[in-house]
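Enquirer: structure of the sequence below:
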Amino acid sequence: MNRSPNNKPAIRRLASPAAVLAALLGLAAVGCGGSVPPPNDQLAASQAAIRAADEVGAETDPQATLHLKLAREQLEKAKKLIEAEDNESAARLLQRAEADAELALAIAKARSTEAQAQEALKQVEQLEQAGVK
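Expert: Numbers count the residues shown, from 1 in each chain. Alright, predicted model coming up:
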């Protein structure tokens, strides 16, 4: 009988079949990258935000144009990541794209509202000068 250094019988046992199976399944899951589904909803939301910014004329304001450009670039990069099945990175990039598009939309709306307010003030001043109160 084999004895260990402390004079006890050495037990040579393989791991239990359940432990081996669990380890193999764990390695398989790590090897597959955890299988994150494609971020289709986030893709649609990002595209909708970019369309909304386009519709309010975000490209007429330099600051809004910059954010809209960033959103479009991030959207294209995310599409490539989805093709490469890097869905987790794609989802993060799509969230950034949506945020940039929403910022472009907000900037464009603010500039439009500001322009409308300035126009209204001009009209009030003209009416005051004409003697209408």
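Enquirer: hey, which helix is longest across the protein?
Expert: helix 87-129 (DSSP state H).
Enquirer: name the helices or strands packed onto that one?
Expert: With contacts taken as 3 or more CB pairs under 8 Å, 6 or more residues apart in numbering; DSSP states H and E, helix 87-129 sits against helix 40-55, helix 62-83. Every C-beta, even on glycine, is put in place using the N, C-alpha and C of the backbone.
Enquirer: pLDDT on it, on average?
Expert: Here helix 87-129 scores 92 as its mean pLDDT.
Enquirer: now it and helix 62-83, what's the angle there?
Expert: 160 degrees (axes from the mean of the first three to the mean of the last three CA atoms, to 10 degrees).
Enquirer: pull the distance from helix 87-129 to the chain's centre.
Expert: Distance, stretch centre to chain centre, for helix 87-129: 21 Å (CA atoms, centre = their mean, to the nearest Å).
Enquirer: center of this structure, which residue is that?
Expert: Against the mean C-alpha coordinate of the chain, by CA atoms, centre = their mean, the closest residue is residue 95 at 1.7 Å.
Enquirer: so which bits of stretch 46-53 are buried?
Expert: Using 16 or more other CB atoms under 10 Å as the test for burial, stretch 46-53 gives 46-47, 49-50, 52-53.
Enquirer: dump those to a markdown table, plus distance to residue 103.
Expert: Shown next, in a markdown table, are those (distance: CB to CB, whole Å):
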| residue | distance to residue 103 |
| --- | --- |
| 46 | 13 |
| 47 | 16 |
| 49 | 9 |
| 50 | 12 |
| 52 | 12 |
| 53 | 9 |
